[in-house]
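Asks: Structure for the following, please:
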Amino acid sequence: MKKHLWKYILVLILVVAVNDAACVLLGPRRGELVSVADREALRAVLPSGVRHGNSARLFYDFDAMAEDLIQAIDSSLSSIEIAFFHYDDDSVGKCIADHLIERAQAGVQVRFMFDGEHLGTPTLYRKMSSAGIEVCRFNPIYIPWLTRNDFARNHQKIVVIDGRVCYTGGMNIADRYSSGIEGRPWVDMFMRIDGPAACAMREVFAEDWLYACGERLDLATFGCPVAQGEVLDDAEILASGALGDGPAILERYCELLDRAEDYAYFESPYFIPAEPLLDAMKRAAGRGVDVRVIYPDKCDLGCALDLCSDSFVAEALEAGIKVGHYAPGFLHAKLFVTDDVACVGSTNLDSCSLYRYLEMMVFISDPAFAASLAAHFHSDEAFVTYLDSIGWSQRPALDRMGEKVCRTLRGIL
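Replies: Numbers count the residues shown, from 1 in each chain. Next up is the predicted model:
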């Protein structure tokens with residue numbers, strides 16, 4: 001075995017090299033990064049930032065969200081941009097695809113982007129493409145775990161319709177978001193925004209599309225609309241990740257925590273905070289801010305993530321942060337609400353989301369909206385068991401050992 005070890009290493013290096021070459025040669029036309037000139041050109045048309053005069057609606061039930069989304073798709077007149085991390089070829093995926101196809105055949109320009117980490121559903125994508133939908137795979141991976149593309153994923157969930165209505169949140173398109181997994185309900189949230197914020201979300205999609213597909217979208221096609229109904233104070237679309245925005249969402253989280261005076265509540269599928277975020281949480285708790293974090297007692301991606309999340313509990317409790325396990329369902333929502341600011345989007349509390357993945361959050365500065373999201377957090381607390389330092393210190397030694405091992409992998413989990 002030792003005699004031939006160098007051969008195995010050589011084969012591994014060759015496989016990595018071939019895979020990277022395949023990602024370049026077989027993947028969509030794209031550059032390594034969106035150039036500075038391209039980014040400036042995109043933002044000169046519709047500069048990102050705070051948008052005034054939006055209305056928003058939160059969905060906590062996947063079926064209700066899917067029904068509303070289909071109605072919005074059916075009412076589209078000119079364009080639909082859609083991007084999901086997961087889009088399954090199951091009953092709900094086929095249903096939404098059929099509605100997209102109908103609009104494409106009616107003359108609506110439909111662009112569909114999915115993340116290349118997954119093999120995807122080639123039959124469904126071919127059907128969509130043959131019906132006139134532009135389909136693009138973001139940063140494809142042909143041999144998982146053996147390519148530099150593994151950590152540049154598009155984890156965003158984006159839908160923009162006619163440049164006037166947009167959706168984002170934690171939900172992907174798959175039956176499990178309705179039926180649950182392993183007999184447990186899937187707990188998540190999604191948000192619809194009508195108004196100028198859709199322009200900013202379309203800009204984010206356009207930047208991702210330019211990177212993945214090499215096509216520049218005409219952002220000047222639509223003017224920014226004025227919302228109807230109840231209007232929010234401010235809504236800001238903030239993107240971060242591998243396309244050059246850096247850890248913008250992480251930085252905004254830390255800024256809001258440093259400004260917090262009353263409370264700061266987080267919901268996330270995982271509790272693997274980057275060091276700057278955990279430090280900001282500690283500083284806030286030290287000032288007397290009520291900092292709470294809830295995450296599921298059992299996640300969807302295996303025990304390594306559970307153990308890694310649990311490895312941060314003792315440190316957080318010692319700093320005065322309240323940490324709780326959510327049961328019985330799998331909590332997949334990405335929520336942060338503090339004082340008068342509410343944040344909903346795709347970002348998990350882990351290093352991949354905070355540093356590498358393409359992510360997006362909507363930051364809404366509106367006292368009433370923030371209060372409604374805080375009330376939802378409190379309703380979720382009915383299913384939360386908060387941990388205490390004494391009880392936590394008595395957990396099995398094998399668990400503590402596993403936590404230490406898995407914490408060393410926090411940069412890639």
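Asks: Where does pLDDT dip in the protein?
Replies: 1-50, 116-121, 142-151, 220-233, 242-245, 301, 411-413 (pLDDT under 70).
Asks: how is it carved up into domains?
Replies: As assigned by automatic domain parsing, the chain contains the domains 5-231, 248-407.
Asks: Buried ones in the helix or strand Ala280 falls within, by neighbour count?
Replies: Counting by DSSP states H and E, the element that carries Ala280 is helix 275-286. Neighbour-count burial for helix 275-286, counted by 16 or more other Cβ atoms under 10 Å, picks out Leu277, Leu278, Ala280, Met281, Lys282, Arg283, Ala284, Ala285. C-beta coordinates here come from the backbone N, C-alpha and C atoms, glycine included.
Asks: what two of the residues you listed have the greatest distance between them?
Replies: Spanning the widest gap among the buried residues of helix 275-286 are Leu277 and Ala285, at 12.7 Å by Cβ to Cβ.
Asks: thinking again about what came up before, return the alpha-carbon coordinates of the helix holding Ala280 using CSV.
Replies: Taking Å, rounded to 0.1, in the frame of the first residue of the first chain, the C-alpha atoms of helix 275-286 are listed here in CSV:
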residue,chain,number,x,y,z
GLU,A,275,-15.8,34.8,15.0
PRO,A,276,-16.7,38.5,14.3
LEU,A,277,-20.4,37.7,14.6
LEU,A,278,-20.0,35.7,17.8
ASP,A,279,-17.9,38.6,19.3
ALA,A,280,-20.7,41.1,18.3
MET,A,281,-23.3,38.9,20.0
LYS,A,282,-21.2,38.7,23.1
ARG,A,283,-20.7,42.5,23.1
ALA,A,284,-24.4,43.1,22.8
ALA,A,285,-25.3,40.6,25.6
GLY,A,286,-22.6,42.3,27.7
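Asks: packing partners for the helix or strand following that helix?
Replies: Later in the chain than helix 275-286, the nearest helix or strand by DSSP H and E is strand 290-296. Applying 3 or more Cβ pairs under 8 Å, 6 or more residues apart in numbering; DSSP states H and E, we find strand 290-296 packed against strand 263-267, helix 275-286, strand 322-326, strand 330-331, helix 367-380.
Asks: Buried ones in the next helix or strand after the fourth one, by neighbour count?
Replies: Tracing the chain C-terminally past strand 330-331 and defining elements by DSSP H and E, one meets strand 335-338 next. Applying a neighbour-count criterion of 16+ other Cβ under 10 Å, one finds Leu335, Phe336, Val337, Thr338 buried in strand 335-338.
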